[in-house]
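> Build the 3D model from these lines:
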Amino acid sequence: WPRPGAPGAARSMDFSNVLRLKRNAHMGQKAPRQKTPGRRPILLVAIREAAMTTTTIIMCAVCMTIPLCGILAAIVPYLQRRTEVFAVTVPSVAQDDAYVKGLKRKYAAIMLTVTVALTLACVMAAYAQRPLVLFVLLIGGTFALMFASYGLMLFYRRRMVSYKKERGWVAQSQQSVASLGAEPEGFPRGLSLKWNLLYIPVIAVTAAIAAVGYSSMPELVPMHIGFDGAVDGWAQKSVGVVLFPVLLEAFLAIILTFCHWQMFASKAWKEPGAPASSAWAYGMFVRANSIVLVGGGVLLTMVMGIAFELYIVGVIGIGAAVIATLVACVPMVVPSIAVSVVYGQCGSRVFLRMQTSDAMLVDDDDYWKLGIFYWAPEDASLFVPERFGVGWTINCARPAAWAIFGGVVVLTAVFVAASILMVG
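Below you'll find the predicted structure:
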């Protein structure tokens, strides 16, 4: 016989194997069953591969989250109403003051420095394939940006209070603007609350998918995947598991509808020195935000609910469901940032070239505790535009405000308890 590796050795060895198999068959012996080394369940391998791909995509998305939040926080002073600087009421002419501009630049420079440092840390964690470290940086970095922004606001707010006294900026009278009835015809308005009825067919479609796909639903559904891509949480097939996406959609629909109602329930901002133009700008601001909220909210709720429902019934993988949800976040996050930058708080950037004045017609700094908490017992308004930021906040002095706080806590607790009971 040829030695191994010599020409013809492969054919000779194959021929010897054939002779051995024939001899075993003649003697009544079964051919030995060849084992496949390293054989693993196909389902677990597929889930792990999909999870690792999903983890990579999430890591890339996280690296974009920190710079977006940091840049938006850095430009907040430039988005505020022209009669406010670091939550301090000033005459509109103060926007052209060199000292005020310097404070804004310092705030923005510090926030951008913190943002760059956190972004570099996230990129290094992603490059090193350390998803757990990246997740910690995401949570810690988000809170770091929040505390840095608020702390700097309080620091420069104290400086603005001193500078305001130094310049003698005092309101000679407390003027306000009130509207009788609705705005004139042609004024921009937000989308009607009836648009939130679109959540009903979305929830119905998800429930129908759950009913049709329940029979083909796998007996065990992976419900949690660790940072290493390994499945570490399973749920047995049940009605509660298959209906969990429906519960999630209903919860999101209630929260987003409340946010939409908050826009209409808020006090409409009107600058005493320019009531008509500021009312127009505020209407455009509300309309743009309502379009983004309703359109992006319905799309996100639909994609998230249906994608995870299809995953639970076994139609698509978990990677596809997570990717679809991340993609659906883009039409809501990006336009929200764009509206903030283009319109500014309450539409303050709509008429940037309006004539400024050194007169202060109103000063309500005493109602804003620590710059962001509104406490005005004599004000019947439940919601008001934020003082430092973009959006709306609540009048903490109203009893209904605490009822709303309690309702949100109860609703969230009910959702969490129901999720635990349904999924386990």
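> what's the distance between the residue nearest the centre of the chain and Leu152?
The residue lying closest to the centre of the chain (Cα atoms, centre = their mean) is Val333, at 6.8 Å. In this view, Val333 and Leu152 are 24 Å apart by Cβ to Cβ, to the nearest Å. Every residue, glycine included, has its C-beta placed from N, CA and C.
> cool, Val123 as well?
To Leu152, Val123 is 24 Å away according to Cβ to Cβ.
> So for the two, which residue has more residues nearby?
Neighbour totals were compared for Val123 and Leu152, and Leu152 leads with 22 against 17 (other Cβ atoms under 10 Å).
> Confirm for me that the more buried one is in contact with Ala109.
No: under the criterion of Cβ atoms under 8 Å, Leu152 makes no contact with Ala109, lying 10.4 Å away.
> now the strands: where do they sit in this structure?
The residue ranges that make up the strands of the chain, judged by DSSP state E, are 84-85, 88-89, 220-225, 231-236, 368-369, 373-374, 383-385, 392-394.
> Out of these, which is closest to Trp280?
Nearest to Trp280 among those is strand 383-385; the distance by Cβ to Cβ comes to 15.4 Å.
> mind checking which of the strands of the chain is nearest Met160?
Shortest separation from Met160 across the strands of the chain is recorded for strand 88-89, at 4.2 Å, computed as Cβ to Cβ.
> And stretch 216-224, what's buried?
Within stretch 216-224, the residues that qualify as buried are 217, 221-223, counting by 16 or more other Cβ atoms under 10 Å.
> What is the burial count for Val315?
A total of 15 residues lie near Val315 under the criterion other Cβ under 10 Å.
> quick one on the thing from earlier: turn the buried residues of stretch 216-224 into JSON lines, including pLDDT and distance to Ile291.
As requested, the buried residues of stretch 216-224 are exported to JSON lines (pLDDT from 0 to 100; distance: Cβ to Cβ, whole Å):
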{"residue": "Met217", "pLDDT": "85", "distance to Ile291": "37"}
{"residue": "Val221", "pLDDT": "79", "distance to Ile291": "36"}
{"residue": "Pro222", "pLDDT": "74", "distance to Ile291": "37"}
{"residue": "Met223", "pLDDT": "72", "distance to Ile291": "35"}
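> quick one: which of those residues is nearest Ala94?
Lowest distance from Ala94 to the buried residues of stretch 216-224 (Cβ to Cβ) belongs to Met223, with 54.8 Å.
> Check the contact between that closest one and Lys237; I expect there is one.
No: using Cβ under 8 Å, Met223 is not in contact with Lys237; the gap is 11.8 Å.
> Now do Leu326: how many residues are near it, please.
Leu326: 16 surrounding residues under other Cβ under 10 Å.
> Against Gly319, how distant is it?
Counting by Cβ to Cβ - Leu326 and Gly319 are separated by 11 Å.
> Tell me who's in contact with Arg387.
Arg387 makes contact with 84, 87, 368, 371-372, 374, 393, according to Cβ atoms under 8 Å, 6 or more residues apart in numbering.
> repeat that for 6 Å
Contacts of Arg387 were listed using Cβ atoms under 6 Å, 6 or more residues apart in numbering, and they are 87, 368, 372.
> my guess is Leu256 meets Leu299, correct?
No: the pair Leu256 / Leu299 is not scored as a contact, 11.1 Å apart, by Cβ atoms under 6 Å.
> Report the set of residues contacting both of these two.
By Cβ under 6 Å, 6+ apart, no residue touches both Leu256 and Leu299.
> where in the stretch 101-250 of the chain is pLDDT low?
172-185, 224-233 (pLDDT under 70).
> Now do the helices in it.
131-167, 199-213, 239-242, 244-265 (DSSP state H, counting those that start in this stretch).
> Buried residues of the first one, list them for me.
It stands for helix 131-167. Neighbour counts over helix 131-167 (16+ other Cβ under 10 Å) mark 131, 133-135, 137-138, 141, 144-145, 148-150, 152-153, 156-157, 159-160, 163-164 as buried.
> what about Phe135, distance to Ala125?
Distance, Phe135 to Ala125, using Cβ to Cβ: 9 Å.
> ditto for Val241
According to Cβ to Cβ, Val241 and Ala125 sit 33 Å apart.
> Noted, bye for now.
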